[in-house]
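Asker: Here is my input, please return the structure:
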Amino acid sequence: MNIEKQIEFHKIKEMWMNLAVTEAAKEKIRELSFYLDERELRRQLRDTTDSRSLMEKLGTPPLQNLTEISDIMMSAQMGDCLTPHQLEKVETVLAVIQRLKEYLKRGKMYDNPLAYYEANLNVLEELRAEIGRQIRGGMVDTYASKELSRIRSQMVKCEEQMKKKAEQIMHSNKESMADNYCTLRNGRVCIPVKRECKLKISGSVIDKSSTGSTLFMEPASVAKYYEELQILTISEENEVYRILYTLSAMVAESVTAMDENIAMMEKLDFIISKGKLSIDLDAVEPSINTERRIVLKDGRHPLMDKMVNIPLQLEIGESVRGIVITGPNTGGKTVAIKTVMLNCMMAQCGLHVTCKEADICMNNSYLCDIGDGQNIAENLSTFSSHIKNVLEVLREVNEGSLVIMDELGSGTDPTEGMGIAIAILEELRKSGALFLVTTHYPEVKEYAGSAQDILNARMTFDKETLKPTYQMVLGEAGESCAFYIADRLGMPNEMLRVAIKAAYGEGALDRYTFQKEDALLEKKKINKISKNKKTRGNVELRTKYKLGDSVFVYPDKKIGIVCEPVNAKGVLRVQLPGKKIWINHKRVKLHVAATELYPPDYDFSILFETIENRKIRHDMQRKYTREEIRYD
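Answerer: Residues are numbered from 1 along each chain as shown. Sure, this is the predicted structure:
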């Protein structure tokens, strides 16, 4: 089980790591576990106290991330030529070491033990001075050596001569120039010559314009200066490499001293980070004992705001080995047991604790069961996971353990859960470990009240605000206050009566005082489901389009005339030029209503029927005929 994550100690570590500067210190914090050696633990606590005292008097010490410098020192040791940037990093670290050494020297006036680490820091003044003199602005300085200064001075003169000679040629050949300035092309000084005047200028074509009308030529008289400049450039490069190799060799000779400096800075960073955390948490140094005794005065959860957290008072270990904490939901029981274990683990990791005063014993193991631990992937229910964790705790527990368990026996049948809770408590009591557990079972409270070495405790609760106070009262059993909380939050009295009667019987109703008048549970207005209206029998749809209406037919936007209204399926018939079509009403839009186009008694058969059909219909109305009307 991951104890650090269950009690949120990993969050304390994250805060702690953020206060460290070097990667080595961060990694040490990440991997750190509680100390089992009493002498080492006491030394770690002294370091934390000394670092806090030092910072309160002198401020935060100068420290720097050393990841890059370690790689640089390794490269120098292997004989590589360090770059100016790398050499500047070495100088920067040496400057930090110098400032740190001076910081620690000032701490000696307060007789702070950490100040005497100053003697272990070597500022390597000669190396720092040489790098500072020869490297500047990310490059080898011109005055790093007399030879480099001479070479670069000649290079400047040569460049000036090249430019001067090019300008003279341009001035004497104005009619051949495409422009009145010289330019650099591929590192060469060129003059812009008209294409047709190419043969008038002695020299080499280096480049040409995009149109090809201008040639950029290097005059022959300039070329000899360019060749001289190239020789000077090679000389400069050789001298620069000589200087860099010399400085790299000096760094390589200082590797041992630098490694010691780096190790000391990382060690101090780890120690200082503990002091920073102590200041941030407003913590104090705890007393350490090996007599199995824990005393916390005004203890608080290190991750909670100390302005709203009510201090916790706890004493366990001499005549009491275990505490059973009861009280209402949200009453602070879980926070209380986490507060105890967090402060104990912080102390045993060499950190200060968030208490006014603390006397904490060393533990050989920290064990806990907090949270439901439900895991669908592993097919574990809340109770199964709970029991699995409990059994793991019971296998490891011994007289040197500190154990916390939350909601003992929860997640199953209350009667059986109560029995399991008592069995677990009895096993913990026999082990001799120190333990704190929380529960709601009244039978467990009774057991704790009668069992040897076990004490009841309750978490106080503000009934007016329904908020926890996080204050633990030892020697008293608490109550869950579930009915009271439900009453205050608005549960109707009738529901409460049913609940009280089911829990404690008819007689309990007479002993309960309701907080409000009888009222029904107020129902909220709910949204109604809107069903789709069926097309069948929809009068509005059937009368949407009338006989003779002029309509648009989509998607082509053709104009037609309704010859049969919408039927029960939402389909109507439209007369288009030369044909009649059936179409869904959604693909039709009214253009002009029939009432605006035709008189009230208009005979639409003129529009929609053939002459033959109209003649047959006329004959059928006045006499018998064998002819039949044809429908297209």
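Asker: Helices of the stretch 401-550 of the chain, residue ranges please.
Answerer: Taking DSSP state H, counting those that start in this stretch as the criterion, the stretch 401-550 of the chain contains helices spanning 414-431, 442-450, 482-488, 493-504, 508-511, 539-542.
Asker: Can you add mean pLDDT and give the ones you listed back as a markdown table?
Answerer: Rendered in a markdown table, the data for these read as follows (pLDDT from 0 to 100):
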| stretch | mean pLDDT |
| --- | --- |
| helix 414-431 | 88 |
| helix 442-450 | 85 |
| helix 482-488 | 73 |
| helix 493-504 | 80 |
| helix 508-511 | 74 |
| helix 539-542 | 66 |
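Asker: Turn these into a markdown table, including distance to Met139 and mean neighbour count.
Answerer: In this view, the C-beta of every residue, glycine as well, is placed from N, C-alpha and C. Written out in a markdown table, the entries for the helices of the stretch 401-550 of the chain read as follows (distance: least, CB to CB, whole Å; neighbours: other CB atoms under 10 Å):
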| stretch | distance to Met139 | mean neighbour count |
| --- | --- | --- |
| helix 414-431 | 70 | 17 |
| helix 442-450 | 76 | 17 |
| helix 482-488 | 73 | 17 |
| helix 493-504 | 83 | 14 |
| helix 508-511 | 89 | 10 |
| helix 539-542 | 86 | 12 |
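Asker: Using JSON lines, lay out those together with distance to Thr595.
Answerer: Converted to JSON lines, the helices of the stretch 401-550 of the chain look like this (distance: least, CB to CB, whole Å):
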{"stretch": "helix 414-431", "distance to Thr595": "79"}
{"stretch": "helix 442-450", "distance to Thr595": "85"}
{"stretch": "helix 482-488", "distance to Thr595": "68"}
{"stretch": "helix 493-504", "distance to Thr595": "64"}
{"stretch": "helix 508-511", "distance to Thr595": "76"}
{"stretch": "helix 539-542", "distance to Thr595": "17"}
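Asker: residues in contact with Leu41?
Answerer: By CB atoms under 8 Å, 6 or more residues apart in numbering, Leu41 lies in contact with 35, 288, 348, 350, 362.
Asker: Each with direction, which strands does the helix or strand encompassing the second one pair with?
Answerer: This means Ile288. Using DSSP states H and E, Ile288 sits within strand 287-289. Using DSSP bridges, the neighbouring strands of strand 287-289 in the sheet come out as strand 357-361 (parallel).
Asker: Quote the end-to-end distance of stretch 593-601.
Answerer: 15 Å (CA to CA, to the nearest Å).
Asker: what comes into contact with it?
Answerer: By CB under 8 Å, 6+ apart, the residues outside stretch 593-601 that reach it are 546-550, 562, 604.
Asker: run the last query once more with 6 Å
Answerer: Under the contact criterion CB atoms under 6 Å, 6 or more residues apart in numbering, stretch 593-601 has outside partners 546, 548-549.
Asker: what about the strands in the stretch 251-400 of the chain?
Answerer: Ranges of strands in the stretch 251-400 of the chain, per DSSP state E, counting those that start in this stretch, are 287-289, 294-299, 312-316, 322-326, 357-361, 365-369.
Asker: for the ones you listed, which one sits closest to Lys276?
Answerer: Ranking the strands of the stretch 251-400 of the chain by their distance to Lys276 (criterion: CB to CB) puts strand 357-361 first, at 19.8 Å.
Asker: Now do the closest one against strand 312-316: the angle between them, please.
Answerer: Here strand 357-361 runs at 30 degrees with respect to strand 312-316, directions being taken by axes from the mean of the first three to the mean of the last three CA atoms, to 10 degrees.
Asker: which residue sits closest to Leu296 in space, ignoring its chain neighbours?
Answerer: Beyond its immediate neighbours in the sequence, the residue positioned closest to Leu296 (CB to CB, 6 or more residues apart in numbering) is Leu314, lying 4.4 Å away.
Asker: So the one you found sits against Asp298, correct?
Answerer: No: the pair Leu314 / Asp298 is not scored as a contact, 10.3 Å apart, by CB atoms under 6 Å.
Asker: Those two: who's more crowded?
Answerer: Here Leu314 and Asp298 are compared on neighbour count by other CB atoms under 10 Å; more neighbours surround Leu314, at 22 against 16.
Asker: wait, is Glu126 part of a helix?
Answerer: Yes: residue state for Glu126 (DSSP: H, G, I helix; E, B strand; the rest coil) corresponds to a helix.
Asker: Three-state assignment for the closest residue to it other than its chain neighbours, please.
Answerer: The spatially closest residue to Glu126, leaving aside those adjacent along the chain, is Met250, at 7.8 Å (CB to CB, 6+ apart). Taken by three-state DSSP, the conformation at Met250 corresponds to helix.
Asker: any idea which helix or strand comes after the lowest-mean-pLDDT helix or strand in the chain?
Answerer: Taking all helices and strands of the chain together, the one with the lowest average confidence (mean pLDDT, DSSP states H and E) is helix 539-542, at a mean of 66. If you walk from helix 539-542 toward the C-terminus, the next helix or strand you reach (DSSP H and E) is strand 550-553.
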